[in-house]
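Asker: Predicted coordinates and the sequence they were generated for:
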Amino acid sequence: QLQASGGGLVQAGGSLRLSCAASGGTFSSYVMGWYRQAPGKPRAFVADINWRGSTYYADSAKGRFTISRDNAQKTVQLEMNGLKPEDTAVYFCAAKRDTPASLYDYWGQGTLVTVSS
């Protein structure tokens, strides 16, 4: 199970830190990711990180967002800086097995981020 938290209302230019706690499974076997879904838009990839700490970001997140994980605590964080109104979305954490061509098949419930202009 994945439990996301940390969303809220922030002004443009501000920062938020999202956190996702995992339970069950072998956390280090999974790639952990963040997705977001803005109103009226499909869910979109934001960033992910494997157990070694290798990261990958969507272009929209590069330079502003930082993903990290704590394998001992089974948590993954998304530090978001320089937030823009277009970052407003429900943010979901997700997990997939760290094997080739795997898909995200575990999803958290989402946490709402609202960025005001």
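Answerer: Sure, I can see it.
Asker: CA only for contacts and neighbour counts going forward, please
Answerer: Fine.
Asker: mind listing what the most centrally placed residue in the chain touches?
Answerer: Nearest to the geometric centre of the chain sits Trp34, at 2.5 Å (Cα atoms, centre = their mean). Trp34 is in contact with Phe45, Val46, Ala47, Asp48, Leu78, Tyr91, Phe92, Cys93, Ala94, counting by Cα atoms under 8 Å, 6 or more residues apart in numbering.
Asker: Which phi and psi values does it adopt?
Answerer: Trp34 has phi and psi values of phi -120, psi 130 when expressed as degrees, to the nearest 10.
Asker: again with Gly53
Answerer: The phi/psi pair for Gly53 (degrees, to the nearest 10) is phi 100, psi 10.
Asker: give me every residue that touches it.
Answerer: Here Gly53 is in contact with Ser68, Arg69 (criterion: Cα under 8 Å, 6+ apart).
Asker: Check Leu112 too.
Answerer: With Cα under 8 Å, 6+ apart, Leu112 has these contacts: Gly7, Gly8, Thr88, Ala89, Val90, Tyr91.
Asker: who touches the third one in this structure?
Answerer: When you say that, I think you mean Thr88. Ala38, Leu112, Val113, Thr114, Val115.
Asker: The protein: strands as residue ranges?
Answerer: For the chain, the strands defined by DSSP state E occupy 2-5, 8-11, 16-22, 30-37, 44-49, 55-57, 65-70, 75-80, 89-97, 106-107, 111-116.
Asker: Measure how far the first one is from the centre of its chain, please.
Answerer: Taking the mean of its C-alpha atoms, strand 2-5 sits 10 Å from the chain's own mean (Cα atoms, centre = their mean, to the nearest Å).
Asker: With the longest one instead?
Answerer: On the basis of Cα atoms, centre = their mean, the separation between the geometric centre of strand 89-97 and that of its chain is 6 Å.
Asker: Next one: the residue nearest to the centre of the chain from Ser117, what distance?
Answerer: Distance of Trp34 to Ser117, given as Cα to Cα, to the nearest Å: 23 Å.
Asker: neighbours around Val57, how many?
Answerer: To be clear, residue 57 is Tyr; Val isn't right here. 18 (other Cα atoms under 10 Å).
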